[in-house]
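Undergrad: Provide a 3D model corresponding to the input given below.
(chains A and B)
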Protein chains: 2
Amino acid sequence: MTDPEFKHVAIIGIGLLGSSIAHAVTAYGGAERVTMWDSSNDVRTRAARVVPGDVAETAQAAVAGADCVILCTPVGVLKEVTGQIATAMADGAILTDVGSVKAKAAADMGAACPSHVHLVPGHPIAGTEKSGPEAGFASLFQDTWHILTPGSDASDDYKSALERLTAFWIRLGAKVETMDANRHDRVLAITSHLPHLIAYNIVSTAYDMESVEQGEVVKYSAGGFRDFTRIAASDPTMWRDVFLTNKDAVLETLGRFSEDLAALQRAIRWGDGDMLMKEFSRARGIRKAIIDAGLDTAEADFGRRQLDSDQDE
Amino acid sequence: MTDPEFKHVAIIGIGLLGSSIAHAVTAYGGAERVTMWDSSNDVRTRAARVVPGDVAETAQAAVAGADCVILCTPVGVLKEVTGQIATAMADGAILTDVGSVKAKAAADMGAACPSHVHLVPGHPIAGTEKSGPEAGFASLFQDTWHILTPGSDASDDYKSALERLTAFWIRLGAKVETMDANRHDRVLAITSHLPHLIAYNIVSTAYDMESVEQGEVVKYSAGGFRDFTRIAASDPTMWRDVFLTNKDAVLETLGRFSEDLAALQRAIRWGDGDMLMKEFSRARGIRKAIIDAGLDTAEADFGRRQLDSDQDE
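TA: Residues are numbered from 1 along each chain as shown, chains lettered A, B, ... in the order given. Here you go, the predicted structure:
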């Protein structure tokens, strides 16, 4: 193993991502020491049992002496948390995060980040629908993308900080890209934020159908619905903050989605089979691009994934 | 193996489902003989190479002497196909189908089905995003639901036909339910038809974003979008027919979906975090019901499924 990039990594927020970073550092290196803190007493107690590293009593104690601080909280509290630890962070430390929205995250952390700390916002395109310190595992970041949205600081110190953070994430298994924060937010609005909003919404709509029983929805979910429930099981607090902080890009993308959906609706109402055929056919093109890029080896299930469970009979 | 339910099963339409039935009968029994036909010359040639059973030159030849005829064509041509084979079907034969819409399928087949044939419409909640005779495999129906929507014929002959068809599908691995055709269409509108329409639509919206490059959408698809592309890769002809023939239930469900989505959109615009939190939280309840019913053991991926492919580096 090559030398670790950091002497001491501090993790604030011990959910799925925070605990996974602790596991990954323990498994693959990257830091000699890991400390962590969570605003919830209960989470700290549980983390002390299941997550490798030291759980501190306060955020300030967790970041003291750390040369890399990773905020793994919901995006909505980044400003408050940065303010909390501002004076406790070491000279020359790197401050980064894992938030799914980057422009607002950069602005919020930037507003409270002291000048002796290098701010490099980041976002791992990795996760599961599980949350909490028990959900973390070392290989979560393997072969996933990690997007960094560095600031405009052209100093050698900042450049070197960016290089070290890049090397750290590569060591944990990620492929690292740098990108403008606003561009990140537009891309993720369509590849991640809108899909989650749609998934939450369709599950919600199903809940409220008086003409169909809950039990039937669950029973016949293999027809496609089940895939949406999996996405919609993701952490509500995290996603609330994503939609509130990436409001403009999400509303723009959602507006286009609704327009397109209205056109499909009209085609169904008027029996325009040619229009439906054209739209459905081109969806295969983008799927093929994803397969060709080696980005998906899984197949749609429509009832096939439950082969190992037979509890209904 | 117990005695097969049928002497001779004829399959019309040799796509994913038709070829899977042929494979399943070969693997698990259910009929002594399988014949099949497809309106496409090319599909017949390919099926002769890869699907077990005899490929006939005409639909009439395929169904001649069969005591069970299974139509595996898109729903839109069921009437025409039934008319084509009407006089060729044996006395007392069962006519069934695998269409995703049942009221229209029953009406269309019923209009052309001769009185000496027992019509029992059916729908296997099973499939993948692949199509064509090469896509079929024997275990497709294992532990999936098969819904039959029998007619009102109270004769002993009809009852016995229904029993035999039920036993046949159970043998292929399915759990069989009977249901009113209109109820089926309402339930499937929310559990399957709407999810597919939404998946097609979001892929289409992503295609047309000028502010985001295609390559970026593909690259960062692990954030949630990729799950939608998998669903949207399903056979366009089949789905066009589903939406055109289950128009009323789909439009009703889609109307509710759009209303609910507009409410989420408004909450995002006005920063109503409490409303978002409430909606997102209850989605977890329906997910839990699906897990508790043993209906899903797979996890959301968000970048984890491509562990075995590394073509981007």
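Undergrad: contacts and neighbour counts: CA atoms only from here.
TA: Will do.
Undergrad: and residue A:270, what are its phi and psi?
TA: Main-chain torsions, residue A:270, degrees, to the nearest 10: phi -100, psi 10.
Undergrad: what about it, distance to residue A:174?
TA: Using C-alpha to C-alpha, to the nearest Å, residue A:270 is found at 48 Å from residue A:174.
Undergrad: and these two? Which one has more around it.
TA: Higher neighbour count among residue A:270 and residue A:174: residue A:174, with 23 against 11, using other C-alpha atoms under 10 Å in any protein chain shown.
Undergrad: what is the mean pLDDT for the longest helix seen in chain A?
TA: With secondary structure taken from DSSP state H, chain A has its longest helix at helix A:247-269. The predicted model assigns helix A:247-269 a mean pLDDT of 97.
Undergrad: what does the helix or strand following it contact?
TA: Next in sequence after helix A:247-269, counting helices and strands by DSSP states H and E, comes helix A:273-292. By C-alpha atoms under 8 Å, 6 or more residues apart in numbering or on different chains, the residues outside helix A:273-292 that reach it are A:264, A:267-268, A:296-297, B:200-201, B:203-204, B:207, B:218-219, B:221, B:226, B:229-230, B:232-234, B:236-237, B:240-241, B:244.
Undergrad: hey, what's the angle from helix A:273-292 to helix A:247-269? Just curious.
TA: Per axes from the mean of the first three to the mean of the last three C-alpha atoms, to 10 degrees, the angle that helix A:273-292 makes with helix A:247-269 is 130 degrees.
Undergrad: pull out the buried residues from helix A:273-292.
TA: Residues A:273, A:276-277, A:279-284, A:286-291 are the ones in helix A:273-292 that count as buried (16 or more other C-alpha atoms under 10 Å in any protein chain shown).
Undergrad: determine the number of other residues adjacent to residue A:224.
TA: Counted with other C-alpha under 10 Å, residue A:224 comes out at 27.
Undergrad: ditto for residue A:182
TA: Other residues near residue A:182 come to 16 when the count uses other C-alpha under 10 Å.
Undergrad: do you know how far it is from residue B:90?
TA: 67 Å.
Undergrad: and if you look at residue A:15?
TA: 64 Å.
Undergrad: got it, and residue A:199?
TA: The gap separating residue A:199 from residue B:90 is 48 Å, by C-alpha to C-alpha.
Undergrad: ditto for residue A:85
TA: Here the criterion is C-alpha to C-alpha. By it, residue A:85 lies 82 Å from residue B:90.
Undergrad: so for the two, which sits in the more crowded spot?
TA: Legend: neighbour count by other C-alpha under 10 Å for residue A:85 and residue B:90, higher for residue A:85 (21 against 17).
Undergrad: I figured that one hits residue A:59, correct?
TA: Yes. Between residue A:85 and residue A:59 there is a contact at 6.4 Å, judged by C-alpha atoms under 8 Å.
Undergrad: can I get stretch A:55-73 in PDB, CA atoms only?
TA: Listed next in PDB are the C-alpha coordinates belonging to stretch A:55-73 (Å, rounded to 0.1, in the frame of the first residue of the first chain):
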ATOM      1  CA  VAL A  55     -16.500   8.600  17.600                       C
ATOM      2  CA  ALA A  56     -15.900  12.000  19.200                       C
ATOM      3  CA  GLU A  57     -18.300  13.800  21.600                       C
ATOM      4  CA  THR A  58     -18.400  17.000  19.700                       C
ATOM      5  CA  ALA A  59     -17.900  18.100  16.100                       C
ATOM      6  CA  GLN A  60     -15.000  20.300  17.200                       C
ATOM      7  CA  ALA A  61     -13.200  17.400  18.900                       C
ATOM      8  CA  ALA A  62     -13.800  15.300  15.800                       C
ATOM      9  CA  VAL A  63     -12.100  17.700  13.400                       C
ATOM     10  CA  ALA A  64      -9.300  18.900  15.800                       C
ATOM     11  CA  GLY A  65      -5.900  18.000  14.100                       C
ATOM     12  CA  ALA A  66      -7.600  16.500  11.000                       C
ATOM     13  CA  ASP A  67      -6.000  17.300   7.600                       C
ATOM     14  CA  CYS A  68      -9.200  16.300   5.800                       C
ATOM     15  CA  VAL A  69     -12.700  17.000   7.000                       C
ATOM     16  CA  ILE A  70     -15.600  15.300   5.100                       C
ATOM     17  CA  LEU A  71     -19.100  16.600   5.700                       C
ATOM     18  CA  CYS A  72     -21.600  13.800   5.200                       C
ATOM     19  CA  THR A  73     -24.700  15.600   6.400                       C
END
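Undergrad: hmm, who's touching stretch A:162-174?
TA: So stretch A:162-174 is contacted by A:4-6, A:24-25, A:28-30, A:120, A:139, A:141-146, A:150, A:175-176 (C-alpha under 8 Å, 6+ apart).
Undergrad: these: which ones sit near chain B?
TA: A:141, A:142, A:143, A:144, A:145, A:175 (C-alpha under 8 Å from any C-alpha of the partner chain).
Undergrad: next, count neighbours for residue A:156.
TA: 9.
Undergrad: oh, that last question was meant for residue A:191, not what I typed.
TA: Number of residues near residue A:191 (other C-alpha under 10 Å) recorded here: 27.
Undergrad: residues in contact with it?
TA: Here residue A:191 is in contact with B:206, B:217, B:220, B:221, B:222, B:223, B:224, B:225, B:226 (C-alpha under 8 Å, 6+ apart).
Undergrad: likewise residue A:121?
TA: By C-alpha under 8 Å, 6+ apart, the contact list for residue A:121 reads A:95, A:96, A:97, A:98, A:102, A:105, A:106, A:148, A:149, A:150.
Undergrad: what residues are up against the fifth one?
TA: Applying C-alpha under 8 Å, 6+ apart, we find residue A:102 in contact with A:121, A:122, A:123, A:149, A:181, A:182, A:184, A:185.
Undergrad: just checking, the second one touches residue A:148?
TA: It stands for residue A:122. Yes. In this structure residue A:122 lies within contact range of residue A:148 using C-alpha under 8 Å: 4.2 Å.
Undergrad: taking the contacts of stretch A:162-174 one by one, which sit in helices?
TA: Per DSSP H, helices hold the following members of those: A:24, A:25, A:28.
Undergrad: ok, of the residues you listed, which one's closest to residue B:160?
TA: The shortest approach to residue B:160 among these belongs to residue A:24, at 61.0 Å (C-alpha to C-alpha).
Undergrad: just give the closest residue to that closest one, not the sequence neighbours.
TA: Once flanking residues are discounted, residue A:24 sits nearest to residue A:138: 3.9 Å by C-alpha to C-alpha, 6 or more residues apart in numbering or on different chains.
Undergrad: just the pLDDT for residue A:230.
TA: Reading off the model, residue A:230 has pLDDT 87.
Undergrad: what about residue A:56, neighbour count?
TA: Residue neighbour count, defined by other C-alpha under 10 Å, stands at 18 for residue A:56.
Undergrad: ok, it - contacts?
TA: Listed by C-alpha under 8 Å, 6+ apart, the contact set of residue A:56 reads A:35, A:36, A:37, A:62.
Undergrad: at 6 Å instead, please
TA: By C-alpha atoms under 6 Å, 6 or more residues apart in numbering or on different chains, residue A:56 lies in contact with A:36, A:37, A:62.
Undergrad: same check, this time on residue A:83
TA: residue A:112.
Undergrad: quick revisit: may I ask which of the ones next to chain B among the contacts of stretch A:162-174 has the most neighbours?
TA: Comparing those by number of neighbours (other C-alpha under 10 Å), residue A:144 comes first, having 30 neighbours.
Undergrad: leaving out the residues flanking it, which one is nearest to that residue?
TA: residue A:174 (5.1 Å).
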